[in-house]
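Asker: got a predicted model here, sequence first, then my questions.
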Amino acid sequence: MALTLREVSLHLDQDEAELPRIIEARLGLASGVIRDWTVLRRAVDARRKPRVLRVYSVAFEVVDEAELLTRHAGDRRLGRWDSPPPVQLPLAGNPHRSLVVGMGPAGLFAALFLATAGVRVTLVERGQPVEQRVRDVEQFWGNGTLLPESNVQFGEGGAGAFSDGKLTTRVRNPWSTWVLQTLVECGAPPTILADAKPHVGTDRLRLVLIRLRRRLQALGVELRFGLRLDGLETDRGRIVAGELANGERIACDSLVLAPGHSARDTYARLAELGVQLEAKPFAIGLRVEHPARLINRIQYGWEAHPQLGAADYALSWNDAASGRGVYSFCMCPGGEVIVAASEDGGVVVNGMSRLRRDGAWSNSALVVTVRPEDFGGAGPLAGVAFQRRWEQAAYRAGGGAFRAPAQALTAYLGRGGSLGPGSCRPGMTEADLQPVLPDFVHAGLRQALPSFDRAMKGFISPEATLVGIESRTSAPLRILRGGDGQSLSHPGLYPAGEGAGYAGGIISAALDGIRAAEAIVQTTHHRSCR
């Protein structure tokens, strides 16, 4: 048992070691009576910039907790705190073989949950281990040689392995702490357990992936790389095996399908096999890049401070006439813009940053909602065709060689200006961005940008660059599943994660993979009772 006090503030010149003294002073306690303490939550309050505060929730122990609670009964910030009990994973009820397809967050955590529960797991990935994948991607950025099965989208870790490594989620789930704790045990910084906006960074995430791989292997998971799912074998309507592109057949009692949002050939094959799919909305737009010092000054009132990391932001605007949302997405403080193509002849960009977020630039996607009726076609694959059409337009505008088309933000708004420096790899080509996106997307962006500038004065800056295009914000379709987690058309198939259309981001995808694994383990109990 312990107590917790919320909204404990530190100035920038104060150290976290001063927190016990500050709590004692606030609660009228003698100096040194707090025995053990730990930070539960850590955030930044920049509402009164440049007077920026760091705000904490702290758990601590004192000798007479009941007396302290009675004395401060009216203080809503003070309360009891019980440390969460250790997670107990269920055990499978009977022998069970599960094939997990995809080594993004959903597939990795589904496999970890299943293996811990005693399920025999084979985990396959079309791409390469992260060590090889990093070399392949660096080669692509260096000379434009794209490997269709080992790139920013495909390989161990999924698309999140080349991102900011954000761990924020709006999903409230009791397994969230287990996911975060597992990441820490595999090498993520312990601060993610308390940070209000935790992130790992693409550099540290690679280490985490290697250690998570070793943990899976120690649990008996069979890991296979360079293998793409190409078919589903059924018996009396139920999945009994996965068929791989090399002709191999892997027998299974359940198949967790976590393909990632760019597995377009997998989507097409599922449609051929009669798996129930539906087109769904997503968002498309451009990535904006500013000098990090400029965003810091806007958000903090400081261009740099040793106690503050690079500043982030979240912006949104709604077009009342069309009902479309325009918003920032995947903001990467102190990061870089990267070309994240997975197909020849198409350019798609993303943002990436490292753990320290100490790069000279900060970037974010600025995207507009698109709906199935915007796709210009019918059927569940219409969104894929829509993405591909505009990615190919961006490739042409960039002049080939996977260079991204880019334009000064002020020029995009008709205020003049020329393309300045930026971080984008493998490079940028100055171009008119009008041909690379639908007119309604440009209309939404041009209406929203003045609103963003009012919220963050200086956002519209001659130093800002727009880079195109951001088209892989989420899956363009959904693999339909029922309340039991199984495909509506193929029992035994468990669609999971971002690529299945049920998550967005590392944590929510991991949780969705766990959801699939839980459903499988529950099924084993039902069968063992028959």
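Answerer: Thanks, I have the structure now. Since the structure is predicted, the reported quantities are computational estimates derived from the model, not experimental observations.

Asker: could you list the domains of this structure?
Answerer: The chain resolves into domains spanning 2-81, 97-278+477-528, 281-470 when parsed by automatic domain parsing.

Asker: okay if I get these as a markdown table plus mean neighbour count?
Answerer: Any C-beta I mention is one placed from the backbone N, CA and C, and that applies to glycine too. As requested, the domains of the chain are arranged in a markdown table below (neighbours: other Cβ atoms under 10 Å):
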| stretch | mean neighbour count |
| --- | --- |
| domain 2-81 | 15 |
| domain 97-278+477-528 | 21 |
| domain 281-470 | 20 |
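
Asker: all the helices of the stretch 1-150 of the chain, residue numbers only.
Answerer: Taking DSSP state H, counting those that start in this stretch, the helices of the stretch 1-150 of the chain run over residues 19-27, 65-71, 105-116, 130-143.

Asker: nearest to Leu355, of those?
Answerer: Closest to Leu355 of these is helix 130-143 (Cβ to Cβ; 15.2 Å).

Asker: can you give me the mean pLDDT across the helix or strand following the closest one?
Answerer: Note on helix 130-143: by DSSP states H and E, the next helix or strand toward the C-terminus is helix 176-185. Mean per-residue pLDDT for helix 176-185: 96.

Asker: ok, stretch 293-303 next?
Answerer: Per-residue pLDDT over stretch 293-303 has a mean of 97.

Asker: still on that earlier bit, CSV for the domains of the chain, including distance to Val87?
Answerer: Supplementary listing: the domains of the chain in CSV, determined by distance: least, Cβ to Cβ, whole Å:
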stretch, distance to Val87
domain 2-81, 18
domain 97-278+477-528, 5
domain 281-470, 26
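
Asker: can you tell me which of those domains is nearest to Leu91?
Answerer: Ranking the domains of the chain by proximity to Leu91 (Cβ to Cβ) places domain 97-278+477-528 first, at 5.2 Å.

Asker: just to revisit the earlier point, any chance of the helices of the stretch 1-150 of the chain in TSV, with distance to Gln88 and mean pLDDT too?
Answerer: Output for the helices of the stretch 1-150 of the chain, formatted as TSV (distance: least, Cβ to Cβ, whole Å; pLDDT from 0 to 100):
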stretch	distance to Gln88	mean pLDDT
helix 19-27	32	97
helix 65-71	28	95
helix 105-116	10	98
helix 130-143	30	97
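
Asker: mind exporting the longest helix along the chain as CSV, just the C-alpha atoms?
Answerer: Looking across the chain with DSSP state H, the single longest helix is helix 506-528. Provided in CSV are the C-alpha atoms of helix 506-528 (Å, rounded to 0.1, in the frame of the first residue of the first chain):
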residue,chain,number,x,y,z
ILE,A,506,2.4,0.2,-32.0
ILE,A,507,0.5,-0.3,-28.8
SER,A,508,-3.0,-0.6,-30.2
ALA,A,509,-1.7,-3.1,-32.8
ALA,A,510,0.1,-5.1,-30.0
LEU,A,511,-3.1,-5.1,-28.0
ASP,A,512,-5.2,-6.3,-30.9
GLY,A,513,-2.7,-9.2,-31.4
ILE,A,514,-3.2,-10.1,-27.8
ARG,A,515,-6.9,-10.0,-28.3
ALA,A,516,-6.6,-12.5,-31.0
ALA,A,517,-4.4,-14.7,-28.9
GLU,A,518,-6.8,-14.5,-25.9
ALA,A,519,-9.7,-15.6,-28.2
ILE,A,520,-7.6,-18.6,-29.4
VAL,A,521,-6.7,-19.7,-25.9
GLN,A,522,-10.4,-19.4,-24.8
THR,A,523,-11.2,-21.7,-27.8
THR,A,524,-8.8,-24.3,-26.6
HIS,A,525,-10.6,-24.4,-23.2
HIS,A,526,-14.0,-24.8,-24.9
ARG,A,527,-12.8,-27.7,-27.0
SER,A,528,-11.1,-29.4,-24.0
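
Asker: show me where the stretch 151-300 of the chain has strands.
Answerer: With DSSP state E, counting those that start in this stretch as the criterion, the stretch 151-300 of the chain has strands at 222-225, 229-235, 238-244, 249-251, 254-257, 277-279, 282-291.

Asker: now the stretch 351-500 of the chain
Answerer: Under the criterion DSSP E, counting those that start in this stretch, the stretch 351-500 of the chain contains strands at 361-370, 404-408, 428-430, 465-470, 477-479, 493-495.

Asker: which of those sits closest to Gly416?
Answerer: strand 404-408 (8.2 Å).

Asker: the closest one pairs with which strands, and in what direction?
Answerer: strand 428-430 (parallel), strand 465-470 (antiparallel) (DSSP bridges).

Asker: what's the average pLDDT for it?
Answerer: Taken as a whole, strand 404-408 has a mean pLDDT of 98.

Asker: for that strand, what is the distance to the chain centroid?
Answerer: Computed by Cα atoms, centre = their mean, to the nearest Å, the chain-centroid distance of strand 404-408 equals 25 Å.

Asker: now the strands of the stretch 351-500 of the chain in a markdown table, with distance to Pro190?
Answerer: Listed next are the strands of the stretch 351-500 of the chain as a markdown table, based on distance: least, Cβ to Cβ, whole Å:
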| stretch | distance to Pro190 |
| --- | --- |
| strand 361-370 | 25 |
| strand 404-408 | 36 |
| strand 428-430 | 37 |
| strand 465-470 | 32 |
| strand 477-479 | 36 |
| strand 493-495 | 32 |
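
Asker: quick check: end-to-end length of stretch 347-358?
Answerer: With Cα to Cα, to the nearest Å as the measure, stretch 347-358 spans 26 Å from end to end.

Asker: all helices of the stretch 351-500 of the chain, in order?
Answerer: 382-397, 409-412, 439-455.

Asker: quick one: closest of those helices to Val521.
Answerer: Minimum separation from Val521 across the helices of the stretch 351-500 of the chain (Cβ to Cβ) falls at helix 382-397, 32.8 Å.
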